[in-house]
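> Return atomic coordinates for the entry below.
(chains A and B)
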Amino acid sequence: MDSNWQLFIDSLWPLAKGAITASIPLALISFALGLVIALLMALMRISKNPVLSGIARVYISIIRGTPLLVQLFVIFYGMPTLGITIDPWPSAIIAFSLNIGAYAAEIIRAAILSVPAGQWEAGYTLGMSRTRSLYRLILPQATRVAIPPLSNSFISLVKDTSLASTILVTEMFRKAQEITASTYEFMLLYCEAAAIYWVICLLLSALQNSVEGRLEKYVAK
Amino acid sequence: MKRTIPLLATAAILALSLSACGSSGGSSGGSAESSASEQSGSALQKVKDAGVLTVGTEGTYRPFSFHEGSDLTGYDVEVIKAVGEKMGVEVKFQETQWDAIFAGLDAGRFDVIANQVAINPEREKKYLFSQPYTVSEGVVVTKSDNTDITSFESLKGKKTAQSLTSSFYEAAKAAGATIEPVEGWAQSVTLLKQGRVDATVNDKLTFLDAQKTNPDDSIKIAAESEDKSESAVTLRKGSEDLQEAIDNALDELREDGELASISEKYFGEDVSK
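Numbers count the residues shown, from 1 in each chain, chains lettered A, B, ... in the order given. The predicted structure is shown next:
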């Protein structure tokens, strides 16, 4: 019992460090880039230009239709056969951003479409252009609608970063595996890693609540 | 409500970690028996009653455990099948990746591991081993044009690709290499050829077999280990009776020459002793 407690305590910092230096930054950077891709793709997808919406459709379809693990492998192990060798970290960020981009694009598209058509008309009545209406009226309201599903995606992403361990990124789960490699205490270390992921996600849920509250003011009631 | 959530979380985490400790704390030396730990002497009976010996193996480790078409085959697979035959039980395989194989044994997902598990002191603290059925050596594999790695010692400061719980991981670490963790041989060689690592330490037999089936002159053996590694069937502590039954079966297989002939089939020589 004592030695297990000791191992639990001793591994807490290495695991937390794995989370702080790898899992969390990986999730944050990928999510930020993913959102930019998503917004672009969502706007392309609802645009009347068939080429733009076609590109967005194909991209979303491919990413949503293939496993994230496969996407990571294609970028990390597959690209070098084409002469493009990308380091583990950038590979992970590219894969995660592209992945989030596709899922979040659909969320943003749905959120934009959920804003009542009357809001567009209101904008036009006030003499706003389509673009101006989009930025001043529609997006703020769509943002509030998109927060819960986007939070879901982000929380999923935080845990999906554990897949980066397969392409040589030493994040929290790989740290746990490293410790079990010499101690053979699987149950303890995996539960410990699970608990840390959980704590991170609890904090994120709390953050979601507060952001939701703050954005409430943009919604027409 | 808002205040109860963090409280609940803390309580749950404590419960979680305590139960984790409790389940593996049991006997002296912090051994690996988990909830699936045997009552001494019942492991063999359980296997006999079920008529099935469940074996954990990778299924992706040529030539020891791999798929030929859709069938699982390989040296380790055939050896443990022959052992099962001698014991009069059926052998059922559970394929799992190497990193999860000891966890699977701990959790009772299978009775034994047959996957070139090398016997070493750390493992002997946690697990039981049958008598060895493979004796081979570790080798350092590098790109053919690599000239600065010529021994295990020269791995110091170099990057190698290893499976985390493999004994070659320990060997590479002991030599002072920086280790990139991977899932198995195929990934190691890919990284090596892509120039992402300088070397990989693995079983000589694996290298020779890979060269036989898929000759590749861009990689070579740069150094061989001096000490031999012995691989054996791995069991949970507490299953001494099952260990004895497997040892007896292996003895019989040695005597009637079957072990040697399985070895000949895969390696062209007897690597079983």
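> Does the helix or strand hosting residue A:17 pack against any helices or strands, and if so which?
Element membership of residue A:17 [criterion: DSSP states H and E] is helix A:2-18. In terms of contacts (3 or more C-beta pairs under 8 Å, 6 or more residues apart in numbering or on different chains; DSSP states H and E), helix A:2-18 is packed against helix A:172-183, helix A:186-215, helix B:4-25. The way it works is simple: take the backbone N, C-alpha and C, and place the C-beta from them, glycine included.
> the inter-axis angle of the helix-or-strand element of chain A with minimal mean pLDDT versus helix A:186-215?
Of all helical and strand segments in chain A, the minimum by mean pLDDT, DSSP states H and E falls on helix A:172-183, at a mean of 86. With axes from the mean of the first three to the mean of the last three C-alpha atoms, to 10 degrees applied, the angle from helix A:172-183 to helix A:186-215 works out at 160 degrees.
> distance between helix A:172-183 and the chain's centre?
25 Å (C-alpha atoms, centre = their mean, to the nearest Å).
> ok, now stretch B:264-273?
19 Å.
> cool, stretch B:96-111 as well?
Here the centre of stretch B:96-111 is set off from its chain's centre by 10 Å, with C-alpha atoms, centre = their mean.
> Can you pull out the low-pLDDT segments for chain B?
Across chain B, the ranges flagged by pLDDT under 70 are B:1-41.
> middle-most residue in it, spatially?
In chain B, the C-alpha nearest the mean C-alpha coordinate belongs to residue B:117, at 3.5 Å (C-alpha atoms, centre = their mean).
> Within the helices and strands, which one has that one?
strand B:112-118.
> Quick check: neighbours of that strand in the sheet, parallel or antiparallel?
strand B:52-57 (parallel), strand B:219-236 (antiparallel) (DSSP bridges).
> Just the C-alphas of the last one, formatted as PDB.
In other words, strand B:219-236. Taking Å, rounded to 0.1, in the frame of the first residue of the first chain, the C-alpha atoms of strand B:219-236 are listed here in PDB:
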ATOM      1  CA  ILE B 219      19.500  -1.100 -43.000                       C
ATOM      2  CA  LYS B 220      22.100  -3.300 -41.300                       C
ATOM      3  CA  ILE B 221      23.100  -4.800 -38.000                       C
ATOM      4  CA  ALA B 222      25.700  -2.400 -36.500                       C
ATOM      5  CA  ALA B 223      26.300  -4.300 -33.300                       C
ATOM      6  CA  GLU B 224      25.400  -7.400 -31.500                       C
ATOM      7  CA  SER B 225      24.800  -7.800 -27.800                       C
ATOM      8  CA  GLU B 226      27.100 -10.100 -25.900                       C
ATOM      9  CA  ASP B 227      24.600 -11.500 -23.500                       C
ATOM     10  CA  LYS B 228      22.000 -13.800 -24.700                       C
ATOM     11  CA  SER B 229      18.400 -13.000 -23.900                       C
ATOM     12  CA  GLU B 230      16.000 -15.800 -23.000                       C
ATOM     13  CA  SER B 231      12.300 -15.700 -23.700                       C
ATOM     14  CA  ALA B 232       9.600 -17.600 -21.900                       C
ATOM     15  CA  VAL B 233       5.900 -18.000 -21.400                       C
ATOM     16  CA  THR B 234       4.900 -15.300 -18.900                       C
ATOM     17  CA  LEU B 235       2.300 -15.900 -16.100                       C
ATOM     18  CA  ARG B 236       0.700 -14.100 -13.200                       C
END
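> Please name the nearest non-neighbouring residue to residue A:123.
Spatially, and ignoring its direct neighbours in sequence, residue A:123 is nearest to residue A:133 (3.1 Å; C-beta to C-beta, 6 or more residues apart in numbering or on different chains).
> tell me which residues form a beta bridge with residue B:234?
residue B:113, residue B:129.
> shouldn't it be in contact with residue B:120?
No - Residue B:234 is beyond contact range of residue B:120, at 11.3 Å (criterion: C-beta atoms under 8 Å).
> Tell me who's in contact with the residue lying closest to residue A:175 once chain neighbours are set aside.
Excluding its sequence neighbours, the residue lying closest to residue A:175 (C-beta to C-beta, 6+ apart) is residue A:18, at 3.8 Å. Shown in contact with residue A:18 (C-beta atoms under 8 Å, 6 or more residues apart in numbering or on different chains): A:170, A:171, A:172, A:173, A:174, A:175, A:176.
> Report pLDDT for residue A:170.
Model confidence at residue A:170, given as pLDDT, is 88.
> contacting residues for it?
Neighbouring residues of residue A:170 by C-beta under 8 Å, 6+ apart: A:18, A:22, A:178, B:181.
> Can you lay out the residues you listed as CSV showing distance to residue B:222?
Shown next, in CSV, are these (distance: C-beta to C-beta, whole Å):
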residue, distance to residue B:222
A:18, 32
A:22, 32
A:178, 26
B:181, 21
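> between the residues you listed, which is nearest residue B:141?
Comparing the contacts of residue A:170 against residue B:141 with C-beta to C-beta places residue B:181 closest, at 16.8 Å.
> if we can go back for a sec, from residue B:138, how far off is the closest residue to the residue nearest to the centre of chain B other than its chain neighbours?
Ranked by C-beta to C-beta, 6+ apart and with sequence neighbours excluded, the top spatial neighbour of residue B:117 is residue B:234, at 4.5 Å. Shown here: residue B:234 relative to residue B:138, a distance of 18 Å by C-beta to C-beta, to the nearest Å.
> try residue A:179
From residue A:179 to residue B:138 the distance is 23 Å (C-beta to C-beta).
> Look at the two and report which has more neighbours.
residue B:138 (25 against 22; other C-beta atoms under 10 Å in any protein chain shown).
> now the strands: where do they sit in chain A?
Taking DSSP state E, chain A contains no strands at all.
> So which bits of it are right by chain B?
Counting by C-beta under 8 Å from any C-beta of the partner chain, the residues of chain A close to chain B are A:1, A:3-5, A:8, A:77, A:80, A:85, A:165-166, A:168, A:170, A:174, A:177-178, A:180-182, A:184-188, A:190-192, A:194-195, A:198-199, A:202, A:206.
> Export the helix holding residue A:17 to CSV, keeping only CA atoms.
Extracted C-alpha coordinates of helix A:2-18, given in CSV (Å, rounded to 0.1, in the frame of the first residue of the first chain):
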residue,chain,number,x,y,z
ASP,A,2,2.7,2.5,1.0
SER,A,3,4.8,1.9,-2.1
ASN,A,4,1.7,2.4,-4.2
TRP,A,5,0.9,5.7,-2.5
GLN,A,6,4.4,6.7,-3.0
LEU,A,7,4.3,5.8,-6.7
PHE,A,8,1.0,7.7,-7.0
ILE,A,9,2.5,10.8,-5.4
ASP,A,10,5.7,10.5,-7.3
SER,A,11,4.1,10.2,-10.6
LEU,A,12,1.6,13.0,-10.1
TRP,A,13,4.1,15.7,-11.1
PRO,A,14,5.5,13.9,-14.2
LEU,A,15,1.9,13.3,-15.4
ALA,A,16,0.8,16.8,-14.7
LYS,A,17,3.9,18.1,-16.4
GLY,A,18,3.0,16.0,-19.4
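> Just the angle for that helix relative to helix A:172-183, thanks.
150 degrees.
> Distance from helix A:2-18 to the middle of the chain?
Worked out by C-alpha atoms, centre = their mean, helix A:2-18 lies 28 Å from the chain centre.
> Just among the contacts of residue A:170, which is most surrounded?
Counting by other C-beta under 10 Å, top hit in those: residue A:18 with 24 neighbours.
> Distance-wise, check it relative to chain B.
Using C-beta to the nearest C-beta, to the nearest Å, residue A:18 is found at 13 Å from chain B.
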